[in-house]
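> Could you look at this predicted model? Sequence included:
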Amino acid sequence: MHDFPVAECDIARRQQTLTALYSDHHSWLHGWLRKKLGCSQHAADLAQDAFVRVLLLAEPHNIQEPRAFLATTAGRLLIDGARRRKIEKAYMQALAIQYEDAGMPDPATIHVALQALERIALMLAGLSDKSREAFLLSRLDGLTYSEIAAQLQVSSSTVKNYISSALVHCYHTLHGADPL
């Protein structure tokens, strides 16, 4: 029998799993990322971010293939970073055009707007290409369903289905519910 409660055993097991995972695979992941990125510092940052994601897992001991898991996690972080930079660049270009004469907004306003744009981009990333395009044409460009149907070369009822599924997806994303 153990002298400490089960919860302490679970915590100790979790710590052992995480320590072993880090010590066994950190150098490998850093080297893998360094080869991909050509920058040791950026690779180190991404490796740390990947391990932070592992720390957030409920049951890290269930990872069957640690290197595959870490490579996939790091790859997703690379994609997220590229998406974030693309959004930031587009927003900054739009701001430069809009505020050419009046001057740029303060950095805090820019930061809040970039965070909102990033959340919207992540939310829309889960949609099919056609649903996302129909939704954006409707919400941003103000096109009618028939105008969208003509542009996408589909029926108006298909556009209605695209937008309905986009709205349901957005609702579930915002409210943390599982999509049906």
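All right, it came through fine.

> Now do the buried residues in the least confident helix or strand in the chain by mean pLDDT.
Least confident helix or strand of the chain, by mean pLDDT, DSSP states H and E, is helix 107-125 with a mean of 81. Going by neighbour count (16 or more other Cβ atoms under 10 Å), the buried part of helix 107-125 is 118, 123, 124. Where you see a C-beta, it was placed from the backbone N, CA and C, and this is true even at glycine.

> Rebuild the residues you listed as JSON lines, extending it with distance to residue 138.
Formatted as JSON lines, these follow (distance: Cβ to Cβ, whole Å):
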{"residue": "118", "distance to residue 138": "22"}
{"residue": "123", "distance to residue 138": "15"}
{"residue": "124", "distance to residue 138": "13"}
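
> per-residue confidence at residue 1?
pLDDT recorded at residue 1 is 48.

> Repeat that for residue 5.
At residue 5, the pLDDT value in this model is 54.

> can you check the one 4 residues further on too?
On pLDDT, residue 9 comes in at 71.

> That one sits in which helix or strand?
Assigned by DSSP states H and E, residue 9 belongs to helix 6-37.

> Run through the neighbouring helices and strands of that helix.
Applying 3 or more Cβ pairs under 8 Å, 6 or more residues apart in numbering; DSSP states H and E, one finds that helix 6-37 contacts helix 40-55, helix 66-98.

> Ok, which of those helices comes nearest residue 109?
For residue 109, the closest of the helices and strands packed on helix 6-37 is helix 66-98, at 9.6 Å, according to Cβ to Cβ.

> Highest mean neighbour count out of the helices and strands packed on helix 6-37?
helix 40-55 (a mean of 16; mean count of other Cβ atoms under 10 Å).

> outside of it, which residues touch it?
18, 21-22, 26, 29-31, 33-34, 36-37, 60, 63, 69-70, 73-74, 77-78, 81 (Cβ atoms under 8 Å, 6 or more residues apart in numbering).
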